[in-house]
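Visitor: next comes the sequence, and after it the predicted model I'd like to discuss.
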Amino acid sequence: MTQDELKALVGQAALKYVVPGEIVGVGTGSTVNKFIDALVTIKDQIKGAVSSSEASTVRLKALGIPVFDSNEVESLSVYIDGADEIDHQGHMVKGGGAALTREKIVAAQSKQFVCIADESKLVDALGAFPLPVEVIPMATARVMRQFAAMGGTAAVRLKDGQPLVTDNGQHIVDVKGLKITDPVAFETAVSQWPGVVTVGVFALQKAQVCLLGTAQGVKTLNF
Ligand code: 5RP
């Protein structure tokens, strides 16, 4: 099976975690796009979605799924999202699609995080994928120096030759060469650096379930 087919498989499998009559939390990315495509088939059974990005909002609305502002919803039963890496404890690196801040917000308001991913995303330790960090532009150079002091190499993410601007009007730095041995401690520490909006380690908001697309079918990992 191709990676695209594996993504479609887990996108479809995630439907069974959607609670009828409720609002579902929807993440961002190519795997989530497959989930959104599958969600259309049961759209009459749900109230709608809270979305983690402008891109997912556009896709949901285009398919006739109502999108609610996260402030209108106190809590969600489930949040479905992809990951750039997930370890065997459910800790993740996210933000490859630059939506990490809103993803962490929607994850925080959800009782259960269901990660959907193809098997290439499962890792023994986080850190091979360049770690996305959303920063306030004024703090970029300082944050990059702090990562350099930890042994990492940070670069500002570009789009069309200019710093990419997130849905929140901020920039992203991607950090290579980090060894994230204690994801909770790492997330806790970096989140407190001045100018860091969101670090792409999701350990405090980790997954409870991962639906992993493999050549043998969908494997369910519970954490
Ligand atoms: C977006 C994310 C995505 O979940 C992550 O990048 C995985 O994307 P894809 O499903 O396209 O591989 O964190 O900010």
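Guide: Thanks, I have the structure now. Residues are numbered from 1 along each chain as shown.
Visitor: now do the strand ranked longest in the chain: distance to the chain's middle.
Guide: When the chain is parsed with DSSP state E, its longest strand is strand 110-118. Taking Cα atoms, centre = their mean, to the nearest Å, one finds strand 110-118 lying 9 Å from the centre of the chain it belongs to.
Visitor: any residue of it up close to the ligand?
Guide: No: judged by Cβ under 6 Å from any ligand atom, strand 110-118 and the ligand are separated, with a smallest distance of 7.1 Å. The way it works is simple: take the backbone N, C-alpha and C, and place the C-beta from them, glycine included.
Visitor: which element follows that strand toward the C-terminus?
Guide: Next in sequence after strand 110-118, counting helices and strands by DSSP states H and E, comes strand 131-135.
Visitor: and the longest strand of the chain, which residues are buried?
Guide: The neighbour-count check on strand 110-118 (16 or more other Cβ atoms under 10 Å) flags Ser110, Gln112, Phe113, Val114, Cys115, Ile116, Ala117, Asp118 as buried.
Visitor: ditto for stretch 211-223
Guide: For stretch 211-223, the neighbour count (16+ other Cβ under 10 Å) marks Leu211, Leu212, Gly213, Leu221 as buried.
Visitor: return the subset of those lying in strands.
Guide: Going by DSSP E, the strands hold Leu211, Leu212, Gly213, Leu221 from the buried residues of stretch 211-223.
Visitor: how about the third one, what does it touch?
Guide: Contact criterion Cβ atoms under 8 Å, 6 or more residues apart in numbering gives Met1, Glu5, Leu6, Lys7, Leu9, Val10, Ile116, Ala117, Asp118, Glu119 as the residues in contact with Gly213.
Visitor: could you redo the last one with a cut-off of 7 Å?
Guide: Applying Cβ atoms under 7 Å, 6 or more residues apart in numbering, one finds that Gly213 lies in contact with Leu6, Lys7, Leu9, Val10, Ala117, Asp118, Glu119.
Visitor: can you check the last one too?
Guide: Each residue near Leu221 by Cβ under 7 Å, 6+ apart is listed here: Val209, Cys210, Leu212.
Visitor: do the same with the first one
Guide: Applying Cβ under 7 Å, 6+ apart to Leu211 gives the contacts Val10, Ala13, Ala14, Val114, Ile116, Val218, Thr220.
Visitor: can you pull the contacts of the third one?
Guide: What that stands for is Ala14. Phe35, Ile80, Val114, Ile116, Leu211.
Visitor: per-residue pLDDT, the second one?
Guide: Model confidence at Ile80, expressed as pLDDT, equals 98.
Visitor: how about the secondary structure of it?
Guide: Under the three-state scheme (DSSP: H, G, I helix; E, B strand; the rest coil), the conformation of Ile80 reads as strand.
Visitor: and it, what does it touch?
Guide: Residues in contact with Ile80, defined by Cβ under 7 Å, 6+ apart, are Ala14, Tyr17, Val24, Gly25, Val26, Gly27, Val32, Phe35, Val114, Ile116.
Visitor: out of those, which are inside strands?
Guide: Secondary structure assignment (DSSP E) places Val24, Gly25, Val26, Val114, Ile116 from the contacts of Ile80 within strands.
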